[in-house]
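**Q** Pasting the sequence and the predicted coordinates here, then a few questions.
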Amino acid sequence: AQTVTQSQPEMSVQEAETVTLSCTYDTSESDYYLFWYKQPPSRQMILVIRQEAYKQQNATENRFSVNFQKAAKSFSLKISDSQLGDAAMYFCAYRGLRGSQGNLIFGKGTKLSVKP
Amino acid sequence: KAGVTQTPRYLIKTRGQQVTLSCSPISGHRSVSWYQQTPGQGLQFLFEYFSETQRNKGNFPGRFSGRQFSNSRSEMNVSTLELGDSALYLCASSLMGQTQYFGPGTRLLVL
């Protein structure tokens, strides 16, 4: 079964600085999707970034970028120029491509605090 | 486009009762998935519906059920509520199942 591990329960960053959140996963599949979701105190789950496993190029969305290492099964999220509004729980998620692997499998999350 | 909507947002029930939660997906999305979020177990997949058919199901007891209507709106039902069913229930919609967009959730408290 696929698993997603986020080894950092909590992280802290100074406003305007850069922070990297770690995520590793385990799968025997070669094609899949990886996601980072943000959940602020409102509990609304917001899509931050998506990566298709067959793409070698790392995904980027404004201040958010990923470092996708397929062989190492690693998928870290880098937040540049951190803002107070970035404070939230961040979840790494895996999605297979077929059948019962089609649902999202989430890590336990990393709570990010941003200090002014 | 309007986002995913869920009703009600908050719900208080007592043990043994049943509850129905509703989810309206983003217009044009045909896939709806449900997740349960608790502090202890984290985010767990309940089930996924696509074109009115259950496509995937998580490891939850039969007390948890769902359905999807022809307009893609979905409902989930929990019968004989237990204290452990207290959770945030999240609904997510997608075009075909790849990228899922979440609603604001329904917070259920079972007393």
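**A** In hand now; what should we look at? Numbering: from 1, shown residues only, chains lettered A, B, ... in the order given.

**Q** nearest spatial neighbour of residue B:67, skipping sequence neighbours?
**A** Using CB to CB, 6 or more residues apart in numbering or on different chains and skipping the chain neighbours, the partner closest in space to residue B:67 is residue B:75 (5.7 Å). C-betas here are computed from N, CA, C, even on glycine.

**Q** same deal with residue A:52?
**A** residue A:33 (5.8 Å).

**Q** Need phi/psi at the one you found.
**A** phi -120, psi 150 (degrees, to the nearest 10).

**Q** what residues are up against it?
**A** A:50, A:51, A:52, A:53, A:94, A:95, A:97, B:98, B:99 (CB atoms under 8 Å, 6 or more residues apart in numbering or on different chains).

**Q** Can I have the buried ones of the residues you listed as a PyMOL selection?
**A** Buried subset of these, written as a PyMOL selection, criterion 16 or more other CB atoms under 10 Å in any protein chain shown:
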select buried, chain A and resi 50+51+53+94+95+97
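
**Q** Relative to residue B:7, which of the contacts of residue A:33 is nearest.
**A** Distances from residue B:7 to the contacts of residue A:33, taken as CB to CB, are shortest for residue B:99 (23.4 Å).

**Q** Now that the closest one has come up, it's in contact with residue A:51, right?
**A** No. Residue B:99 is beyond contact range of residue A:51, at 11.0 Å (criterion: CB atoms under 8 Å).
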